[in-house]
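> Sequence first, then the predicted structure:
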Amino acid sequence: MKILVFGAGVLGCNLARNFFRAGKDVMLLARGAWGESIRKNGLRIKDKFSPRMSVSRIPVVTELKAEDKYDVIFVVLRYTQLDAILDALRMNPTKNIVFVGNDVHASALSASLPEKNVMFAFASSAGHREREYVASVDLKKITIGQIAGAPSNETLIGQIFDGTKYKVAYEPNMEDYLLCHAAFVLPVAFACYKVDGDLKKLKGNTAYLNRLIDANIEGCRAIKNAGHEILPRDDAEFEGAAYRKTCLHFFKLMSATSLGKICASDHAMNATDEMSALNRNLKAFFDEHGAKYPVWQELEQETAKYLK
């Protein structure tokens, strides 16, 4: 199976490395000085919990040509970068396209590529890029599938990830999964912006951390009331005490350890355009369905210098 990973940020680099280590025929689309560094020195990734730097000699390309055919293309770009590459995808004969990362318009994106088999995924991987390597935490977990009502890709997904170390969760309703994820990740981004990226400033501020949970619950309630499913299913009781306890534990860990930086603020501080667009579009969804979200709006107002 011939695979292209289109995008060489943290998520794309981890995905390409994991396929490469599994013996897959994978190529990485990377441009500029970073692409040249990978070509010359290999893809270098420093895992937070490993003392070693991994080096993978992954083939690098700089563009997606109309004549290049792959069995699957993983598009691993920011939400705000997707529109710019749609024409290249349309002109390419590859049928199977997987968009990896944040998205609140999955149905519209799928409809914009009617000749393709469009899937969506979210990988449990985070970190930041240094000049010549990626610093990362990669849990090797990925949730992947298509939008509700589209033909199942479960067998194909099994073939793509066969032999890798990924724990794969097949999700046949990725649109709702990504909506729910955005409702969680945006309050976290608000927290990052409130403290200019230094989440340790929130250590012990339980009242503020509970406001993040309140905002997340407002988002989940809006999504549910609009007729969408709360995903993952473990979060279905999002208004209950157990959900709040789990979230509060996570936020306390995030604000007290270096995991907050590598798992949240690294991306939030370097992707204010993406977070701004996600926030605008998710609020438009809330408004379209008549939702009320006062805590969300209060938190948002505290981050005005970052969100546009």
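Arrived safely.

> For the rest of this, base every contact and every neighbour count on C-alpha atoms.
OK.

> Who are the contact partners of residue 7?
Listed by CA atoms under 8 Å, 6 or more residues apart in numbering, the contact partners of residue 7 are 13, 28, 29, 30, 75, 76, 77.

> Quick check: strands, which of those residues are part of them?
Using DSSP state E, the subset of the contacts of residue 7 located in strands is 28, 29, 75.

> picking up where we left off before, please convert the contacts of residue 7 to CSV, extending it with neighbour count.
CSV is the format used below for those (neighbours: other CA atoms under 10 Å):
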residue, neighbour count
13, 27
28, 27
29, 21
30, 24
75, 23
76, 26
77, 20
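
> Among the residues you listed, which one sits closest to residue 98?
Ranked by distance to residue 98 (CA to CA), the contacts of residue 7 are led by residue 75 at 6.0 Å.

> Pretty sure that closest one sits against residue 97.
Yes - with contact defined as CA atoms under 8 Å, residue 75 counts as touching residue 97 (7.2 Å).

> where's the residue nearest the centre of the chain relative to residue 215, distance?
In the chain, the residue lying closest to the centroid (CA atoms, centre = their mean) is residue 101, at 2.8 Å. Note on residue 101: its distance to residue 215, by CA to CA, to the nearest Å, is 21 Å.

> coming back round to it: return the member of the ones in strands among the contacts of residue 7 nearest to residue 122.
Nearest member of the ones in strands among the contacts of residue 7 to residue 122, counting by CA to CA, is residue 75, at 11.4 Å.

> what sits against that closest one?
Going by CA under 8 Å, 6+ apart, residue 75 touches 5, 6, 7, 97, 98, 99, 100.

> Which pLDDT value belongs to residue 21?
Note on residue 21: pLDDT of 97.

> Now for it, how many residues are close by?
A count of neighbours around residue 21, defined by other CA atoms under 10 Å, yields 14.

> Make CSV out of the contacts of residue 75 and add distance to residue 229.
Compiled in CSV, the contacts of residue 75 are given as follows (distance: CA to CA, whole Å):
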residue, distance to residue 229
5, 30
6, 30
7, 30
97, 24
98, 21
99, 20
100, 20
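
> Taking these, tell me the two that lie furthest apart.
Taking CA to CA, the two most distant members of those are 7 and 97; they sit 13.3 Å apart.

> that older thread, go through the contacts of residue 7 and name the one nearest residue 152.
residue 75 (19.6 Å).

> any idea how far residue 48 is from the closest one?
The spacing between residue 75 and residue 48, counted by CA to CA, is 25 Å.

> Over to residue 172?
Residue 172 is 32 Å from residue 48, by CA to CA.

> what do you get for residue 138?
9 Å.

> Give me the more crowded residue out of these two.
Taking neighbours as other CA under 10 Å, residue 138 and residue 48 compare with residue 138 leading, 20 against 16.

> Help me confirm that the more buried one is found in a helix?
No - remark: residue 138 does not belong to a helix; assigned using DSSP: H, G, I helix; E, B strand; the rest coil, it is strand.

> Begin at 46, not 1, for the rest of this chat.
Sure, I'll start numbering at 46, so the last one becomes residue 183.

> Give me the neighbour count for residue 337.
For residue 337, using other CA under 10 Å, the count is 15.

> one step back: export the ones in strands among the contacts of residue 52 as a markdown table, with columns for distance to residue 170.
Converted to a markdown table, these look like this (distance: CA to CA, whole Å):
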| residue | distance to residue 170 |
| --- | --- |
| 73 | 17 |
| 74 | 19 |
| 120 | 15 |
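
> which one of those is nearest residue 304?
Looking across those and measuring by CA to CA, the closest to residue 304 is residue 120, at 25.8 Å.

> Just list whatever residues bridge to that closest one.
Beta-bridge pairing of residue 120 under DSSP bridges involves residue 51, residue 144.
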